[in-house]
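Participant: Quick one: sequence plus predicted model below, questions after.
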Amino acid sequence: MKLITFIDEDGYYFDAVHFTDVVHQYPINGMGIYGCYGKITNRYGFCSMNIIQSKKMGIAVDPRN
């Protein structure tokens, strides 16, 4: 299991829980932009996301190269 903190598009931090089966199937490797899909839970007044699937997203290529 991994606990990872992300920053959303509005600059807010949120925690995500990646359970063992998800970690093996959809690993988070290094810095980058990730699309994360899951279920939002609220426990003890704190929201987090239980990840079902994640995918590293592409970054736009510099057209000057």
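Facilitator: Received the coordinates, thanks.
Participant: Show me the helices in this structure, by range?
Facilitator: 20-25 (DSSP state H).
Participant: Nearest the middle, which residue of it would you pick?
Facilitator: Residue closest to the mean C-alpha point of the chain, counted by Cα atoms, centre = their mean, is Cys36 at 4.5 Å.
Participant: Can you tell me the closest non-neighbouring residue to that residue?
Facilitator: Using Cβ to Cβ, 6 or more residues apart in numbering and skipping residues adjacent in sequence, the residue nearest Cys36 is Ser54, 4.7 Å away. C-beta: built from backbone N, CA, C; applies to glycine.
Participant: can I assume that neighbour is in contact with Ile28?
Facilitator: Yes - counting by Cβ atoms under 8 Å, Ser54 touches Ile28, with 6.3 Å between them.
Participant: which of the two has more neighbours?
Facilitator: A side-by-side neighbour count of Ser54 and Ile28, using other Cβ atoms under 10 Å, places Ser54 first with 21 against 18.
Participant: list the contacts for that one?
Facilitator: 18, 22, 26, 28, 34-37 (Cβ atoms under 8 Å, 6 or more residues apart in numbering).
Participant: Can you tell me which of those residues are buried?
Facilitator: Buried members of the contacts of Ser54, scored by 16 or more other Cβ atoms under 10 Å, are 18, 22, 26, 28, 34, 36.
Participant: Which one of those residues is nearest to Asn42?
Facilitator: Cys36 (17.3 Å; Cβ to Cβ).
Participant: and which of the contacts of Ser54 is nearest to Gly58?
Facilitator: Gly35 (10.3 Å).
Participant: quick one: contacts for the closest residue to the closest one other than its chain neighbours?
Facilitator: Spatial nearest neighbour of Gly35, excluding adjacent residues (Cβ to Cβ, 6+ apart): Lys55 at 4.8 Å. Taking Cβ under 8 Å, 6+ apart, we find Lys55 in contact with 26, 34-35.
Participant: now, which of these sits nearest Tyr12?
Facilitator: Taking those together and measuring to Tyr12 by Cβ to Cβ, the closest member is Tyr34, at 15.6 Å.
Participant: Thank you, goodbye.
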